[in-house]
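*Asks:* predicted model follows, preceded by the sequence.
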Amino acid sequence: MNGFCSVFKRELKGYFATPVAYVFLVIFLFFAGYLTFKQGFFEIRQADLRTFFMNLPLLFIFMVPSTAMRMWSEERRTGSVELLFTLPITVPQAVLGKFFAAWAFMGIALLLTFPIPVTVIYLGDPDMGLIITGYLGSFLMAGSFLAIGSFFSALSKNQVISFILSVSACAILVYAGMPTTLNYLSTILPAGVVATVESFSIQDHFDSILKGVLEFRDLSYFVLLIVGWIWASSMILNERKAS
Amino acid sequence: MTYWIGNRTMDNLLISVKNLRRTFGPVVAVDGISFDVGQGEVLGFLGPNGAGKSTAMKMLACFLPPDSGTATVCGHDIITDPVGVRKSIGYLAENAPAYPEMTVAGFLGFICDARDIKGAARRQALDRVVKTCSIESVYHQTIETLSKGYRRRVCLAQTLIHDPKVLILDEPTDGLDPNQKYEVRQLINKMAKDKCIIVSTHILEEVEAVCTRTVIIARGKILVDSTPELLKQKYNASLDEVFRKITKTRHVA
């Protein structure tokens, strides 16, 4: 527990000790706002956050791996991994500590989008349940992307490689559920396979959480995604930390 | 079991290495080495580059798992209880890794967190290591702004913070100026009595200055396990020459 707490604390502080956090927050908040307004946040004349949330998967595909890529690549390149793993800290503790620190940072980024819900609440009478599940879904999606990023960051010492690999992996998971992809797939694959592809995609589960219904299948999808990739990160790190 | 030199008994035996072996692909880095080190001993690990010194030390610090063989450090086995081993040792890695964006204070604070040093004990520990490593003047600077010597001293402070019984120092004086080298050697001598220290080095005068025992290792095997004085007597030459004789002749053979 000690190992986890110390790594968590160090990592979270680390984001704000370097310009990483500020650059990330400014760019993320700018695009989150820009895309929302560009797609007619006011013109729709509806007091909900659908236009805000539906852009997040695309934004997260690029933004989340850019935070996750430094998790292990940098540590292995500078050799500080040798310091970390000769302290009384186990690999799973360190992996979880870094993951939760990054996830908490994502949570901070999401909380800072508060002016958008505040606007909606001020102008109309939105369904609060919908807003809360929307944020929960976005937070879970960020966690899944971070877990994927953590894996690819542990895989390569090179940050650029780990960034590109995790962007691709996240993009595949999102685009597998886009209507255009599914339409195309249904022309060449049987319906059962297409439905399976859809149920594997983040988009499908995210959309269903956005509807305001918290279903077991959606929650378990995200939890399994996170646990699976985090477990894989631990495995790969155990293998490669010293190479 | 017979021990080779000194006054070592089972009571003060702190490190015991048995047939430790590690390969990297086709390269055998450490090839079945065994030795014991007791309290009060400073063991100098000598050998040409690539001899397997660092690999052996990394295995003792539980960073690298061995392919076969094992070792115990303060009664903890490196394979079954790596966290126990890490708690009882201070390890200074070869290139003195640290987190460049952190301040010295923040860095040492992190080490205290990780080693569960809290409250008054933490203040005492910090005061002690900052003084022994003379890093007061850079305490609030970020590590990336430090010179190599200061950086290494900060890392040395990190290894001493929990006052470990066993110290494993991989080239502790590398990159230091002559005064700093002297200070680090003084520090090692001062701590030697109640600790068990393994030092790896290329500098042979350092061996004479601090070590009570020398292990010469080449191509992953221990060639000599003796004291600097005995070696000099036996070969009737300076330690430099002894080192060259031993590592060269065995290489050819």
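*Replies:* That came through, no problem.

*Asks:* only C-alpha atoms from now on, for both contacts and neighbour counts.
*Replies:* Fine.

*Asks:* show me where chain B has helices.
*Replies:* Taking DSSP state H to define them, one finds helices in chain B at B:53-60, B:82-88, B:104-114, B:119-132, B:148-160, B:178-191, B:204-210, B:228-235, B:239-252.

*Asks:* could those helices go into JSON lines alongside distance to chain A?
*Replies:* Listed next are the helices of chain B as JSON lines, based on distance: least, C-alpha to the nearest C-alpha, whole Å:
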{"stretch": "helix B:53-60", "distance to chain A": "9"}
{"stretch": "helix B:82-88", "distance to chain A": "5"}
{"stretch": "helix B:104-114", "distance to chain A": "5"}
{"stretch": "helix B:119-132", "distance to chain A": "14"}
{"stretch": "helix B:148-160", "distance to chain A": "9"}
{"stretch": "helix B:178-191", "distance to chain A": "20"}
{"stretch": "helix B:204-210", "distance to chain A": "25"}
{"stretch": "helix B:228-235", "distance to chain A": "30"}
{"stretch": "helix B:239-252", "distance to chain A": "27"}
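
*Asks:* could you pull up phi and psi at the residue nearest to the spatial centre of chain A?
*Replies:* By C-alpha atoms, centre = their mean, chain A has its centre lying nearest to A:Ala142, at 2.0 Å. A:Ala142 adopts backbone torsions of phi -60, psi -40, taken as degrees, to the nearest 10.

*Asks:* my guess is it meets A:Phe60, correct?
*Replies:* Yes: A:Ala142 is in contact with A:Phe60 according to C-alpha atoms under 8 Å; the separation is 6.8 Å.

*Asks:* where are the low-confidence patches of the stretch 151-253 of chain B?
*Replies:* B:249-253 (pLDDT under 70).

*Asks:* still on that earlier bit, ok, now how distant is the residue nearest to the centre of chain A from A:Thr67?
*Replies:* Note on A:Ala142: its distance to A:Thr67, by C-alpha to C-alpha, to the nearest Å, is 11 Å.

*Asks:* how about the helices of chain B in a markdown table, adding mean neighbour count?
*Replies:* Below are those laid out as a markdown table (neighbours: other C-alpha atoms under 10 Å in any protein chain shown):
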| stretch | mean neighbour count |
| --- | --- |
| helix B:53-60 | 23 |
| helix B:82-88 | 22 |
| helix B:104-114 | 21 |
| helix B:119-132 | 16 |
| helix B:148-160 | 23 |
| helix B:178-191 | 15 |
| helix B:204-210 | 17 |
| helix B:228-235 | 14 |
| helix B:239-252 | 14 |
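
*Asks:* average pLDDT for stretch A:143-159?
*Replies:* For stretch A:143-159, the mean pLDDT works out to 94.

*Asks:* which parts of it are buried?
*Replies:* A:143-159 (16 or more other C-alpha atoms under 10 Å in any protein chain shown).

*Asks:* could you confirm whether stretch B:135-144 reaches chain A?
*Replies:* No: shown here: stretch B:135-144 not in contact with chain A (C-alpha under 8 Å from any C-alpha of the partner chain), separated by at least 10.1 Å.

*Asks:* for that stretch, how far is the first residue from the last?
*Replies:* 15 Å.

*Asks:* contacts for that stretch?
*Replies:* By C-alpha atoms under 8 Å, 6 or more residues apart in numbering or on different chains, the residues outside stretch B:135-144 that reach it are B:98-105, B:130, B:146, B:150-151, B:153-154.

*Asks:* near chain B, which residues of chain A are found?
*Replies:* A:2-3, A:5-7, A:10, A:14, A:17-18, A:78-80, A:82-83, A:85-90, A:242.

*Asks:* let's see which of the residues you listed end up in helices.
*Replies:* A:2-3, A:5-7, A:10, A:14, A:17, A:78, A:80, A:82-83.

*Asks:* write the PyMOL selection for whichever of these are buried.
*Replies:* Buried subset of these, written as a PyMOL selection, criterion 16+ other C-alpha under 10 Å:
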select buried, chain A and resi 3+5+6+7+10+14+80+82+83
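
*Asks:* next, count neighbours for B:Pro48.
*Replies:* By the criterion of other C-alpha atoms under 10 Å in any protein chain shown, B:Pro48 has 17 neighbours.

*Asks:* quick one, phi psi at it?
*Replies:* Torsion angles, degrees, to the nearest 10, at B:Pro48: phi -70, psi 170.

*Asks:* how much space separates it from B:Thr80?
*Replies:* Taking C-alpha to C-alpha, one finds B:Pro48 at 31 Å from B:Thr80.

*Asks:* cool, and A:Asp207?
*Replies:* On the measure of C-alpha to C-alpha, A:Asp207 and B:Thr80 end up 47 Å apart.

*Asks:* give me the more crowded residue out of those two.
*Replies:* A:Asp207 (18 against 11).

*Asks:* my read is that one is in a helix, agree?
*Replies:* Yes: when DSSP: H, G, I helix; E, B strand; the rest coil is applied, A:Asp207 is found to be in a helix.

*Asks:* how about it, what does it touch?
*Replies:* No contacts exist for A:Asp207 under C-alpha under 8 Å, 6+ apart.

*Asks:* how many residues are close by the closest residue to A:Thr18 other than its chain neighbours?
*Replies:* Leaving out its chain neighbours, the residue that sits closest to A:Thr18 by C-alpha to C-alpha, 6 or more residues apart in numbering or on different chains is B:Glu101, at 7.0 Å. If you count neighbours by other C-alpha under 10 Å, B:Glu101 ends up with 16.

*Asks:* surely B:Glu101 and A:Pro19 touch.
*Replies:* No: judged on C-alpha under 8 Å, B:Glu101 makes no contact with A:Pro19 at a distance of 10.5 Å.

*Asks:* what residues sit buried inside stretch A:111-127?
*Replies:* For stretch A:111-127, using 16+ other C-alpha under 10 Å, the buried residues are A:113, A:116-117, A:120, A:126.

*Asks:* rebuild the residues you listed as a markdown table, extending it with pLDDT and secondary structure.
*Replies:* Converted to a markdown table, those look like this (pLDDT from 0 to 100; DSSP: H, G, I helix; E, B strand; the rest coil):
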| residue | pLDDT | secondary structure |
| --- | --- | --- |
| A:Thr113 | 93 | coil |
| A:Ile116 | 90 | helix |
| A:Pro117 | 91 | helix |
| A:Val120 | 89 | helix |
| A:Pro126 | 87 | coil |
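
*Asks:* looking at those, which is nearest A:Ala104?
*Replies:* Here the nearest of those to A:Ala104, counting by C-alpha to C-alpha, is A:Thr113; it sits at 14.7 Å.

*Asks:* check whether that closest one really touches A:Phe31, as I assumed.
*Replies:* No: at 10.8 Å, A:Thr113 does not count as touching A:Phe31 under the criterion of C-alpha under 8 Å.

*Asks:* shared neighbours of these two, anything?
*Replies:* Taking C-alpha under 8 Å, 6+ apart as the criterion, A:Thr113 and A:Phe31 do not both touch any residue.
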